[in-house]
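**Student:** Kindly return the folded structure for what I paste below:
(2 chains)
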Amino acid sequence: MAGTARLAGLFAVIVLVATCAAVAAIPAFAQSSGLDEQVRAIASRLRCPVCQNESVADSPSELAAQMRALIRTKLEQGESPEAIVAYFVSRYGEWILLDPPRQGLGWILWAAPVVVLLVALAVAVAFIRRTVRPGEAAAERPESGGP
Amino acid sequence: MISILGSTAIAAAAVSSLAGLIFLLRGRGRGDQRLIDRGHWAVIALFVAVTAAVVALEVALIGVDFSVRYVAANINRATPLLFRIIGLWGALEGSILLWAWVLAGYAALVAVRYRGRHQETVPLALAVLLGITSFFLLLMLGPANPFGRLSPAPPDGRGLNPLLANHPLMAVHPPFLYLGYVGFAVPYAFAVAALLSRTLRDEWMTVTRRWTVAAWSFLGAGIILGAWWSYEVLGWGGYWAWDPVENAAFMPWLVATAFLHSVMVQERRRLLRLWNHALIIVTFLLTIFGTFLTRSGILGSVHDFTQSLIGPLFLIFIGAVLVFSVGVLLLRRDEVRDTGSLPAYVSRESLFLLNNVVLLAIAATIFIGTTFPLLAEAVAGVKLTVGPPFFNRLTVPLAMALLVLMATATLLPWGPAPRGALRRFVGPGLLSAALVAVLSVAGVRGLTLGALAVIIFAAAAQLAEFHRGARAVGRAEGQPYPLALVALFSANRRRYAGYLAHLGLALALAGVAASSAYRTESDHTVRRGEAFSVPGYLLRYDGAALSRHPDKLVVAAAVSILPPKSLEAAPSRPAAAVPAIATLYPSERLYPQQRTPIPTPAVRSTWRGDLYLVLLAVGPDGAVVLKVITNPLVPWIWTGGLLMALAGLISIWPGRRG
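**Tutor:** Numbering: from 1, shown residues only, chains lettered A, B, ... in the order given. A predicted model of the protein is given here:
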């Protein structure tokens, strides 16, 4: 008994040490300048117009680079992120938004998964309520593994 | 010559396939064992014929026979041998051939393995498999002919898409993906056969369990290898873009995962029979749908290197499979009755049902997000984009719920929870609380901390189960702890392999969480010998070199990693004199078949994370522009993902007890 307790302790210590080391691995908030981050945040909301399914932030294309530069200039001129996004929408249409707006058709898009989840949940709960018969199956098989 | 051989092989395959269908259905109808045996032989002949077609195409590819259109369109004389071989799955026609080959291979395995057994279901299951194969053979006889000829043969070919010819992972990612994708045809065929033949017991499930787990493992490995390929090749430092083609592979994996869990409820409680039939049908439909998305040219995406006319044929096929499967299911719905019951409201069984709800909700979300732009454009004529923000916002909370369920269901036993079951939560709870406290001291905050807390708890629950089991075995048989841990696997392989897969998931998600939250990215314009620092690293640019290869020109920049404090210790020492820890060579590669060079990143991985360098530009004055990304814990994703696939294979490896 004492042996297993010691092993358990050892086990916990190993895991603890491993994770502390893992923590050491995560660089604490050593982030580059705030402007870079803001540019990236805005660029990752926009679709690169000439690429296939890449954001302006990630695309290596010329146009994406120009758009990032434009975002930077506009930020430096004091424009708000929303105004900058609106500017690109006015030039390219809502198609450029990677995050479709929650209105019109977009509303269906956002609501549909939630509806699916709720319906599935309701069905599952109804099924559980219908099929639970306490005691009946309890003695069938105690906990054990597979077949 | 090769063309004729290949076309003949495909025609022979089509004949075998149809003959097999007739033999099997008639033989089963008349109870004629000789006909059924012939059907089995026809399946083998089909496999031999498709194999011959594959060999013919490989001979043409390796021997650069440009009289074959596919060869001329997809490789050239400079293509290295490895990439000539994998040219088989470099484009549409070859991929369809690979699909058919893998499917014929699975069918042949079924025919050999179940010869003379399960007489009610096997002939029907084989007939279903032959029906599916026939569709792919039809594609190759018609619009996707891999042996179309080109006359006169051009002196050289166009060459493989450079992105596909740029990394050896391309040699393993598609085969694994196809083994997984196509593998779900086997449980599907048995499920339908069981319904049609009214062998409504749970036999089909036990028969196909190993096939399902194998397909699940291969598909998982294929997805992870694909993510890894995109990370190593595409140069944006990411591995998952919610690209429709990635989604197409992910959806069947999710539904199959739900199936693997709910099947256990059916085995134990004789419940969910209809449900499990439906799940395997949906899984199979999603694999066909995914092939359609990828291969019909309906999408524009980085994966989508084909434009073709086979889309309509695929739609008809999907419609036919859907109508057929749902029809069979409805026809037999009253006969597929649940006979069991659930023992308690709170039990592992109930949690498995919720697990199904969450997994299906994730799959449905991805399905909606993937198809919505197509539908919106087709129906309403509206062009819109559904990108990562949509998918992340909806799937991340669901994934967290899934992890909580996973941890809880692991700790709770089957059946009604015994008194004191809550005590099992204490150990993992305390352990994760301690780790989360450490994380928070280290500066992790907010949603990332919450996500990591859930992930750590989910992992701790698995470790606790391993520990509990090993302690019990150790006590009972007096074995030392490490041996007892191993003994767990031989005692109950399926269960502990399951926990191992859970652990893999937690590892992979820890990697995803850390790399999403703490990735850094910066661009640097540097001259030769100049040192610069990024978070966690001190780097030095050591000059660029041009090299010529048969298939490409490579400009590689040498970037050395220096000891982080080396310049502070001796400020007078020039940066150029500091000895390097390692040197990376990010490069630009120029392939003759593409006008713009392809940046090829260089990655240095340690268990703590990656340093990821991309060469963006080389200036005339010798300066270069480098993109530097630091990406913590990314290798955990590959390790965890492959561990999941490995755990799946461990659980089905033939042994004393499966």
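**Student:** So what's the predicted local confidence for B:Ala470?
**Tutor:** Note on B:Ala470: pLDDT of 92.
**Student:** State the number of residues packed around B:Ala258.
**Tutor:** 23 (other CB atoms under 10 Å in any protein chain shown). All C-beta atoms are positioned from the backbone trio N, CA, C, and that covers glycine.
**Student:** And the contacts of stretch B:116-124?
**Tutor:** Stretch B:116-124 has contacts (CB atoms under 8 Å, 6 or more residues apart in numbering or on different chains) with B:24-25, B:27-28, B:36, B:39, B:110, B:114, B:189-190, B:192-194, B:196-197, B:199, B:203-204, B:207.
**Student:** Please indicate which of these are buried?
**Tutor:** B:24-25, B:27-28, B:36, B:39, B:110, B:114, B:189-190, B:192-194, B:196-197, B:199, B:204, B:207 (16 or more other CB atoms under 10 Å in any protein chain shown).
**Student:** for the chain, what helix or strand is lowest in average pLDDT?
**Tutor:** Going with chain A. Taking mean pLDDT, DSSP states H and E as the measure, chain A has helix A:2-25 as its least confident helix or strand, at a mean of 53.
**Student:** if you could check chain B rather than the one you did, that'd help
**Tutor:** Least confident element among the helices and strands of chain B, by mean pLDDT, DSSP H and E: helix B:566-569 (a mean of 72).
**Student:** could you pull out the strands for chain B?
**Tutor:** B:520-526, B:531-534, B:537-548, B:553-562, B:582-584, B:587-590, B:598-600, B:602-606, B:609-618, B:624-632 (DSSP state E).
**Student:** what does the average pLDDT come to for the longest helix belonging to chain A?
**Tutor:** The longest helix of chain A (DSSP state H) is helix A:105-131. When pLDDT is averaged along helix A:105-131, the result is 92.
**Student:** Check stretch A:49-68 too.
**Tutor:** Here stretch A:49-68 scores 85 as its mean pLDDT.
**Student:** closest point of the stretch 101-250 of chain B to chain A, which residue?
**Tutor:** Going by CB to the nearest CB, chain A is nearest to B:Trp236 of the stretch 101-250 of chain B, at 3.9 Å.
**Student:** Tell me who's in contact with that residue.
**Tutor:** For B:Trp236, the contacting residues are A:54, A:58-60, by CB under 8 Å, 6+ apart.
**Student:** if you set the cut-off to 10 Å instead, what comes out?
**Tutor:** Taking CB atoms under 10 Å, 6 or more residues apart in numbering or on different chains, we find B:Trp236 in contact with A:54-55, A:57-60, B:230, B:521, B:599, B:601, B:612, B:614, B:627, B:629.
**Student:** Mind giving me the ChimeraX select for those, buried ones only?
**Tutor:** Per 16+ other CB under 10 Å, the buried members of the contacts of B:Trp236 correspond to this ChimeraX selection:
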select /A:54,55,57,58,59,60 /B:230,521,599,601,612,614,627,629
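**Student:** Among the contacts of B:Trp236, find me the one that's closest to B:Tyr585.
**Tutor:** Taking CB to CB as the measure, B:Tyr585 sits nearest to B:Pro601 out of the contacts of B:Trp236, at 10.2 Å.
**Student:** From chain A, how far off is the closest one?
**Tutor:** Counting by CB to the nearest CB, to the nearest Å, the gap from B:Pro601 to chain A is 11 Å.
**Student:** Next, give phi and psi for that residue.
**Tutor:** phi -70, psi 160 (degrees, to the nearest 10).
**Student:** is it true that it touches B:Ile629?
**Tutor:** Yes. Counting by CB atoms under 10 Å, B:Ile629 is a contact partner of B:Pro601 at 8.4 Å.
**Student:** in the stretch 551-658 of chain B, what residue is nearest chain A?
**Tutor:** Per CB to the nearest CB, B:Arg608 is where the stretch 551-658 of chain B lies closest to chain A, at 3.4 Å.
**Student:** How many neighbouring residues does that residue have?
**Tutor:** Neighbours of B:Arg608 using other CB under 10 Å come to 19.
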